[in-house]
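>>> I'll drop the sequence and a predicted model, then ask my questions.
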Amino acid sequence: MSGSITELRAPGPRPELAWFGQMIPHCLEQARAAQAQGKPIVGILCEFTPRELILAAGGVPVCLCGGDARTIPAAEEHLPNNLCPLIKSTYGYSVLRSNPFLEMASLLVAETTCDGKKKMYELLGERYPMHVLELPQKPHSRTGLAQWETALRRLQAELERRFEVTITDEAVRAAIGVMNRERRLRRELAALMKRDYPPLTGRELLELKSSISGQPEYLEQLETVLAALKAEERAGVRRRRVRVLMTGVPMVHGAEWVLELVEKHGGLVVAQENCTGLKPILEDVDKDAPDPMHALALKYYHLPCSVMTPNNDRMELLPRLAAEYRAECIIELVWQACITYDVESYRVKRLAEELELPYLRITTDYSVSDSARIAVRVEALFESVHHGSADFQAREPSHREDAP
Amino acid sequence: MKSPAKISLDAWEARRLALLNAGLEEPWYGGPLGRHLEEGDLRLQSLEFDNSTASLRLWNFLLSEEDRLQAARRQGKKIVGAMKDLGTVSVLASAAPELVSFYPDGAWWTPCLMECSDGLFAVADALGIDDRFCPVRAMIGAFETQRHFPIPDLLTCSAGATCDDFSAIAQRLEHLGHPILWWEVPYRRVPEHGEEAVELPGGWRAPVSQVQCVAQELEQVRHALEVLVDHAITEEELRNAIRDANEVRRLVNELRTLAYTSAPCPLPALEMLIIEVLPVHFCSDREECLAVLEELLKEVRRRVGNGTGVLPQEAVRIYWVNPPADLRVLNLLEECGGRICGADYMFGHARAPIPEDIRPMEALARLVLSDPMVGPAADRAAAICCEISQFGAEALVISRIPGASHCATEGEIIRHAVGQILPHLPVLEIEVPPIADALFPALRTRLQALVETVRSRGFQPRSRRQ
């Protein structure tokens, strides 16, 4: 799948994005530098963990979700094969000792989300220091929120104990400021995809997400790119493509192949509802709230993840995104054996029908062995979009190469 | 009096007639087991049953639950479907005489009993819940076809530390037009140093904050039950309900101790499995459940007293983890020379005594958190090791349920954890689908190998009650 970004681009590679093309080496450099300064590396495994707390403790939060198919066979020595590839890949890194961030980590913070992750953490916890956040799963429940706040305070205490620091309200507020800035920048970059001619592909936008949050250099790079893209009102002129709202499982670093395939076959992913996309950055934390810990709890408890029961918030978010980004179809990605997203896809399909948007569910794993089959289905979806859109021909000639 | 033995369905027909002629009096739900076969429970003809009248009553009690629920509705009672809590809401509901609760999740055994002639899996398939999911997906088919239980007046279901596939399936059920009252169960964690904690039924500990959280959630369930029948459930009624539930649990525990420690084995594995399920929801009739258990206990005591049993004295003592989706597998284990000496069928908390010396709602909350499935698998493994020692088991079988998100990973962790505590204990991990016929040759070989391994190691069958 490598090289597909440049195949998509009409005018050629954007120099502003060059720094992000080396994201992992940059992150590694940042992590090593931080460690040399005595800052602890803290691995996180899901978007429910407030990075703010880790930053406030003087730590460096690094996302450890695995996106490499090559680590899966090692994981399957301990884990059943009918487990989602994200879990297996993440765990496989630990078996192979091949994720430098994991090996550098002084602490892993995980959450009680899905069954597979919960059990994998038990095994991972045998080899690495681990703190598991207790995530209640009934959204909008007052008792659940109170439990979640307690869980965050336990994490705070654990960070203070382990790293011999005091996490003050001021430090938390400062970290909230940093993370709000990061979320705002990523939100504004994502919002550029609302344009008639978005300046980026979905794949390029995804590449702007860092494994390490809150680092000054990263935030500066985001600002630079944002300023450059905002200045180009007609930037990103490219062939007319079908505007896709992508939803479902996260596409972590190394596991972007489905998105690449969608864009290679005539789509432009204008909105990514998932955890590597918009879902975690749509809401900020109230920096001025009287109790910053309560504010953190409020923000993170509302992530409309499929582990929530019932997860109605996602069904409210999707129509909003579809309208804002003027999606012409919905593609849902489900990693094999991800039960919660798999079952929830039934509701998403019905929702797409209500929205009168063509819908395609892709169930696959990290292997690209079924890419040809998926490509055919994607192309068929796009054909149905072209044929189904009465005004499409009138608005946009289908063979038009570039906008003026 | 016949000697204890395992007999076929056909043999039961003849034996029952003889017993009737000799004066056997049956309860209203009694009758030939063969009638259940005619109603579609095809698997019965492949099973072997204990030959006691107590067991006949047990089977008829189990297989007549739908009739009981329909009768309750006709009497004007409200029916509560208590999903995914395995023994708490049923206690709560039993506090109000106008309520009867049942366990819709129990439909997961229907495809096995009916050898898939029920079409429940096909309905689930059509709704997108295919065989990648736990066989509990049959429940959604049962709701759609409305043929296996009456549609409840109220459905409750736990969320949170509930297994993913069940939670997802229950959510689908709600979207199909069956509203659900969700209540949260947090993932049980070890109390931190200095954190206020309490002991749970079964021996684990949990932070007070978690107990309080569950108690609040259960209050919502209690309120919904009260609204349903326009009856404010008093503390006294709750205490009585807990006391009565504990009586059921006491009988089950006594039966377990006798059945799992005596030699020869006084009651087959299949009947013991059903006995272990009963405290979950009393099979919709707590009073009758007590009577069934009392008769069984009397029979088992008699057999133990006489030194008689249903299996050879030298049967290898096996501890079994997780309920097998195909009931026939428990017969198979015994055919291979094994016997069950202890089991963790995932609902051990349903037989743990509920505290009677604290506020009833807090007692029930503690019970919820003692569910082996809502905490670390290592906790469960430690409890399994404890029972292995208590019952003198010589080997362990971990029986996975295909598609069950919880089982998939937990099996490996339990095997690993048990290996650390009891390093010399032979462990066999198998997967049992709802109809395992095609796998029987392989399962037979593997179970025989396990039995032979134990024997070749020179373990002698031992008993605490020879």
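That came through fine.

>>> For the rest of this, base every contact and every neighbour count on C-alpha atoms.
Will do.

>>> who's in contact with A:Glu356?
Shown in contact with A:Glu356 (CA atoms under 8 Å, 6 or more residues apart in numbering or on different chains): no residues.

>>> And it, how far from chain B?
Taking CA to the nearest CA, to the nearest Å as the criterion, A:Glu356 is separated from chain B by 20 Å.

>>> go on, A:Ala74?
Distance from A:Ala74 to chain B, counting by CA to the nearest CA: 15 Å.

>>> cool, A:Ala372 as well?
When CA to the nearest CA is applied, the distance between A:Ala372 and chain B equals 24 Å.

>>> Output the set of residues of the stretch 51-200 of chain A in proximity to chain B.
If contacts are counted using CA under 8 Å from any CA of the partner chain, the residues of the stretch 51-200 of chain A sitting beside chain B are A:78-80, A:82-83, A:112, A:114-116, A:119-120, A:122-123, A:134-138, A:143-144, A:147.

>>> Likewise for the stretch 201-350 of chain A?
Residues of the stretch 201-350 of chain A lying near chain B by CA under 8 Å from any CA: A:307-310, A:337, A:339-340, A:343-344, A:346.

>>> can you put those in JSON lines and add secondary structure?
Written out in JSON lines, the entries for those read as follows (DSSP: H, G, I helix; E, B strand; the rest coil):
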{"residue": "A:Val307", "secondary structure": "coil"}
{"residue": "A:Met308", "secondary structure": "coil"}
{"residue": "A:Thr309", "secondary structure": "coil"}
{"residue": "A:Pro310", "secondary structure": "coil"}
{"residue": "A:Ala337", "secondary structure": "coil"}
{"residue": "A:Ile339", "secondary structure": "helix"}
{"residue": "A:Thr340", "secondary structure": "helix"}
{"residue": "A:Val343", "secondary structure": "helix"}
{"residue": "A:Glu344", "secondary structure": "helix"}
{"residue": "A:Tyr346", "secondary structure": "helix"}
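
>>> out of those residues, what pair is the most spread apart?
Checking these against each other with CA to CA, the farthest-apart pair comes out as A:Pro310 and A:Ala337, at 19.6 Å.

>>> which one of these two has more residues nearby?
A:Pro310 (24 against 21; other CA atoms under 10 Å in any protein chain shown).

>>> Pretty sure that one sits against A:Ser141.
No: contact between A:Pro310 and A:Ser141 fails when scored by CA atoms under 8 Å: they sit 11.2 Å apart.

>>> What strand or helix carries A:Val270?
In this structure, A:Val270 sits in strand A:267-272 according to DSSP states H and E.

>>> Render the CA-only coordinates of whichever helix or strand comes after that strand in CSV, please.
Moving toward the C-terminus from strand A:267-272, the next helix or strand (DSSP H and E) is helix A:292-301. Extracted in CSV, the C-alpha atoms of helix A:292-301 (Å, rounded to 0.1, in the frame of the first residue of the first chain):
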residue,chain,number,x,y,z
PRO,A,292,-10.4,20.4,36.7
MET,A,293,-10.5,16.7,37.6
HIS,A,294,-14.3,16.7,37.3
ALA,A,295,-13.9,18.6,34.0
LEU,A,296,-11.6,15.8,32.7
ALA,A,297,-14.0,13.1,33.8
LEU,A,298,-16.9,14.8,32.0
LYS,A,299,-15.0,15.2,28.7
TYR,A,300,-13.6,11.7,28.6
TYR,A,301,-16.7,9.9,29.8
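
>>> tally of neighbours for residue 200?
Reading this off chain A. 25.

>>> sorry, should have said chain B
Using other CA under 10 Å, B:Leu200 has 25 other residues around it.

>>> Could you find the closest non-adjacent residue to it?
The shortest distance from B:Leu200 to any residue that is not its chain neighbour, by CA to CA, 6 or more residues apart in numbering or on different chains, is 5.4 Å, and that residue is B:Arg366.

>>> hey, where'd the helices end up in the stretch 1-150 of chain B?
If DSSP state H, counting those that start in this stretch is used as the criterion, the helices of the stretch 1-150 of chain B fall at B:9-21, B:34-38, B:53-63, B:65-74, B:89-93, B:110-113, B:120-126, B:138-145.

>>> contacting residues around the residue nearest the centre of chain A?
By CA atoms, centre = their mean, the mean C-alpha position of chain A lies nearest to A:Thr276, the distance being 0.7 Å. Counting by CA under 8 Å, 6+ apart, A:Thr276 touches A:206, A:209, A:250-252.

>>> mind running it again at 10 Å?
Counting by CA atoms under 10 Å, 6 or more residues apart in numbering or on different chains, A:Thr276 makes contact with A:46-47, A:206-207, A:209-210, A:249-253.

>>> for these, which one is nearest B:Cys112?
Within those, proximity to B:Cys112 (CA to CA) peaks at A:Val249, which comes in at 33.6 Å.

>>> Against A:Ile339, how distant is the closest one?
As defined by CA to CA, to the nearest Å, A:Val249 lies at a distance of 11 Å from A:Ile339.

>>> Would you mind grabbing the residues shared as contacts by the two?
In terms of CA under 10 Å, 6+ apart, A:Val249 and A:Ile339 are both contacted by the residues A:Ser306.

>>> Look at those two and report which has more neighbours.
Summary of the neighbour comparison: A:Val249 and A:Ile339, criterion other CA under 10 Å, with A:Ile339 having more neighbours (30 against 21).

>>> B:Phe133 is in contact with the more buried one, correct?
Yes: counting by CA atoms under 10 Å, A:Ile339 does reach B:Phe133; the two are 7.6 Å apart.

>>> isn't A:Lys117 right up against A:Ser89?
No: contact status for A:Lys117 versus A:Ser89: not in contact, 11.6 Å apart, counting by CA under 10 Å.

>>> Where does chain A get nearest to chain B, residue-wise?
Checking chain A residue by residue against chain B with CA to the nearest CA singles out A:Gln137 as nearest, at 4.5 Å.

>>> Contacts only, for that residue.
A:112-113, A:144-145, A:148, A:301, A:305-311, B:158-162, B:183-187.

>>> Please repeat the previous calculation with a cut-off of 6 Å.
A:Gln137 makes contact with A:308-309, B:160, according to CA atoms under 6 Å, 6 or more residues apart in numbering or on different chains.
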